[in-house]
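Student: structure for the following, please:
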Amino acid sequence: QKKFGTASLLLDGNSDYAEMRYSSLFEIGAGAYTVECFIKTSGVTGEIVGAFNTASPYKGWLFGVGFGSGDGKLKVYNANASNAETVSSTAVVNNNAWRHVAFSKAGQTLKFFIDGNLDSTHTLQYVGVGSEQTIVIGASSNPTRDRFFNGYIDELRVTKATRYTADFTAPTKAFPDKGQ
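Tutor: Residues are numbered from 1 along each chain as shown. This is a model prediction of the structure:
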């Protein structure tokens, strides 16, 4: 199955994941940032994408569904070298239908969007920092991977810009390969 194009990333919820080398482009920090993708899942927990240290204080970030609570809501984990926090959407996204999910951040304000609709707004208490760890898609950054995502991920895009501040029309075609 796929949302656009000819394929998507299918993850079995047990052991599948993808990873790529660390890049400073994945450091959220105090700046503007947006992470978005299409997902299709019936799972109540699983990580979509993130990079965080594998030992305390677990600095870094991650974006997922229901981790820590199993409630099917979007979650963002944000941490620096001393403190960590997790914020959640109000709506669940695990209805086994394709959903466009995003979080967009400007300064310390983070907003969740589901299918183009503003779900919730949060004020982050801490300025997150980069983890200098492998970026993992579909599982945790822990050395013994866990919290596997069960379902499909398509059109994952990470942007160092605040793409969304209010309701918008969810994408209706694949993202351009570059520059937008």
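
Student: from here on, contacts and neighbour counts on C-alpha atoms
Tutor: Noted.

Student: quick check: Lys75 touching Trp61?
Tutor: No: if you go by CA atoms under 8 Å, Lys75 and Trp61 don't touch, sitting 10.4 Å apart.

Student: spatially central residue in this structure, please.
Tutor: The residue lying closest to the centre of the chain (CA atoms, centre = their mean) is Phe63, at 2.7 Å.

Student: elements contacting the strand or helix carrying that one?
Tutor: Secondary structure assignment for Phe63, by DSSP states H and E: strand 60-65. If you count contacts as 3 or more CA pairs under 8 Å, 6 or more residues apart in numbering; DSSP states H and E, strand 60-65 packs onto strand 46-52, strand 73-79.

Student: neighbours around Lys75, how many?
Tutor: Residues near Lys75, counting by other CA atoms under 10 Å, number 26.

Student: point out where the chain drops to low pLDDT.
Tutor: Residues of the chain that meet the criterion pLDDT under 70 lie in 178-180.

Student: repeat that with 80
Tutor: When residues are selected by pLDDT under 80, those of the chain lie in 24-30, 54-57, 130-132, 142-143, 177-180.

Student: can you give me the strands in it?
Tutor: All strands of the chain, identified by DSSP state E, fall at 9-12, 18-20, 33-41, 46-52, 60-65, 73-79, 84-92, 99-106, 109-114, 117-123, 135-137, 150-159.

Student: list the contacts of the residue lying closest to Ser82 once chain neighbours are set aside.
Tutor: Excluding its sequence neighbours, the residue lying closest to Ser82 (CA to CA, 6 or more residues apart in numbering) is Pro57, at 6.1 Å. By CA atoms under 8 Å, 6 or more residues apart in numbering, Pro57 lies in contact with 79-84.

Student: just send those back as CSV, with neighbour count and distance to Ala32 too.
Tutor: Shown next, in CSV, are the contacts of Pro57 (neighbours: other CA atoms under 10 Å; distance: CA to CA, whole Å):
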residue, neighbour count, distance to Ala32
Ala79, 27, 16
Asn80, 21, 16
Ala81, 17, 20
Ser82, 11, 22
Asn83, 15, 20
Ala84, 19, 19
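
Student: and which of those is nearest to Ala170?
Tutor: Using CA to CA, Ala79 comes nearest to Ala170 of those, at 28.7 Å.

Student: tell me which residues touch that closest one, please.
Tutor: With contact set as CA under 8 Å, 6+ apart, Ala79 has these partners: 57-61, 85, 126-129.
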